[in-house]
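Peer 1: got a structure for you, letters missing:
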């Protein structure tokens with residue numbers, strides 16, 4: 001479980017902002033959003049294929065940067 005310890009002389013708003021950033025980094029918010037509606041198996045497969053394709057393009061750009 002994600003938690004944030006409030007530092008001395010720290011406002012509630014700053015602590016809340018740190019908490020939301022840690023939740024975003026761990027992927028909690030995206031997991032909750034994914035579970036809000038049913039995704040068909042074909043849609044999930046298509047989403048994963050697109051994600052893999054984008055990742056491969058990104059890795060290829062990192063290995064062979066444009067000159």
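Peer 2: Happy to help now that I have it. What you see is a predicted model; the values in this text were computed from it and never measured.
Peer 1: helices and strands of the chain: which one has the lowest mean pLDDT?
Peer 2: helix 28-34 (a mean of 85; mean pLDDT, DSSP states H and E).
Peer 1: In it, which residues are buried?
Peer 2: The neighbour-count check on helix 28-34 (16 or more other Cβ atoms under 10 Å) flags nothing as buried. (Glycine included, C-beta is placed from N, CA and C.)
Peer 1: contacts for that helix?
Peer 2: 2, 20, 23 (Cβ atoms under 8 Å, 6 or more residues apart in numbering).
Peer 1: and if we set it to 7 Å?
Peer 2: 2, 23 (Cβ atoms under 7 Å, 6 or more residues apart in numbering).
Peer 1: What's the mean pLDDT across the helix or strand following that helix?
Peer 2: Using DSSP states H and E, the helix or strand that follows helix 28-34 in sequence is helix 41-63. Mean per-residue pLDDT for helix 41-63: 91.
Peer 1: starting at the chain centroid, how far to helix 41-63?
Peer 2: 15 Å (Cα atoms, centre = their mean, to the nearest Å).
Peer 1: before we move on, what about stretch 13-24?
Peer 2: 14 Å.
Peer 1: For it, give me every contacting residue.
Peer 2: By Cβ under 7 Å, 6+ apart, stretch 13-24 touches 2, 4, 6, 29.
Peer 1: Which one (most neighbours) among those residues?
Peer 2: residue 4 (16 neighbours; other Cβ atoms under 10 Å).
Peer 1: got the contact list for it?
Peer 2: Contacts of residue 4 (Cβ under 7 Å, 6+ apart): 15, 18-19, 22.
Peer 1: Take these and lay them out in TSV including pLDDT, neighbour count and secondary structure.
Peer 2: TSV is the format used below for those (pLDDT from 0 to 100; neighbours: other Cβ atoms under 10 Å; DSSP: H, G, I helix; E, B strand; the rest coil):
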residue	pLDDT	neighbour count	secondary structure
15	93	14	helix
18	93	15	helix
19	92	14	helix
22	92	13	helix
